[in-house]
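1. Show me how the following folds:
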Amino acid sequence: MKHEIVLGGFGGQGIKVISTVLAHAAHLAGKQAMMYNIYAAAIRGGPIFCTVLVADEEILGGPTTTTPTAVLAMDPHTVTVYAPTLRPGGVLVLNSSLVSQPPPRADLTVVCVPTNAIAEALGDMRYTGMVGLGALIAATGVVPLEAVHGCLEQILPPYRHHTIATNMEALRRGAACTDSPPPAP
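-> Have a look, this model is predicted:
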């Protein structure tokens, strides 16, 4: 199976970090993965979009997609840009703390997650991206949630290793917001 996932939001939400984590977790789970990111001159608060492709077999072609199978929309702009491009039957995970209305598409699975509120409950808004990633992983089954734990020590700089337990809790709380068990990877 091949997942073509777009993660989008604005600078400061951890989009690049969670995209890197997802790609590395896929490798640890024995899958192939590619990641590509686009951001506005690295300006905090500017738009950022990352594409992560994950497949059981070799990925041919470039690391982007024009018709994603899933989108994590951490802000309204991402919904505007990418919801129309989602394949029928795709998954749209919305940060309901910032996105008030899901797009009017009956052919999508829409998961609304109050990522900001959950991150605040964890004590730090920097966990908002990990909450969203947990929901995305649970809704798509792209990788096992625990595969993320194995790569956090590699991805996060040593001075952030004390946050690994809270990052995992953020992932679990995001995953708990999905209505059903993930599809088989």
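
2. and the one residue sitting closest to the centre of the chain, what element?
-> Nearest residue to the geometric centre of the chain (Cα atoms, centre = their mean): L133, 3.8 Å. Remark: L133 resides in helix 128-140, with elements defined by DSSP states H and E.

3. Just the element for the closest residue to the residue nearest to the centre of the chain other than its chain neighbours, please.
-> Spatial nearest neighbour of L133, chain neighbours left out: I18 (4.3 Å); criterion: Cβ to Cβ, 6 or more residues apart in numbering. Using the backbone N, CA and C atoms, a C-beta is placed for each residue, glycine as well. Mapping I18 onto the secondary structure by DSSP H and E places it in helix 15-28.

4. For that helix, buried residues please.
-> 15-26, 28 (16 or more other Cβ atoms under 10 Å).

5. Greatest separation within these: which pair is it?
-> For those, the maximum inter-member distance is 20.4 Å, found between I15 and L28 (Cβ to Cβ).

6. residues making contact with the helix or strand harbouring A170?
-> Assigned by DSSP H and E, A170 belongs to helix 164-175. Around helix 164-175, the neighbours that count as contacts under Cβ atoms under 8 Å, 6 or more residues apart in numbering are 113, 115, 118-119, 122-124, 127, 130-138, 145, 148-149, 152-153, 156.

7. sorry, back to before: now the residue nearest to the centre of the chain: how far from E57?
-> 24 Å (Cβ to Cβ, to the nearest Å).

8. do the same with A73
-> From A73 to E57 the distance is 28 Å (Cβ to Cβ).

9. and the gap between T163 and E153?
-> For T163 relative to E153 (Cβ to Cβ), the value is 11 Å.

10. who's more crowded, these two?
-> T163 (16 against 11; other Cβ atoms under 10 Å).

11. now that we're looking at the residue lying closest to that one once chain neighbours are set aside, which residues does it contact?
-> Using Cβ to Cβ, 6+ apart and skipping the chain neighbours, the partner closest in space to T163 is L156 (6.9 Å). Each residue near L156 by Cβ under 8 Å, 6+ apart is listed here: T163, I164, N167.
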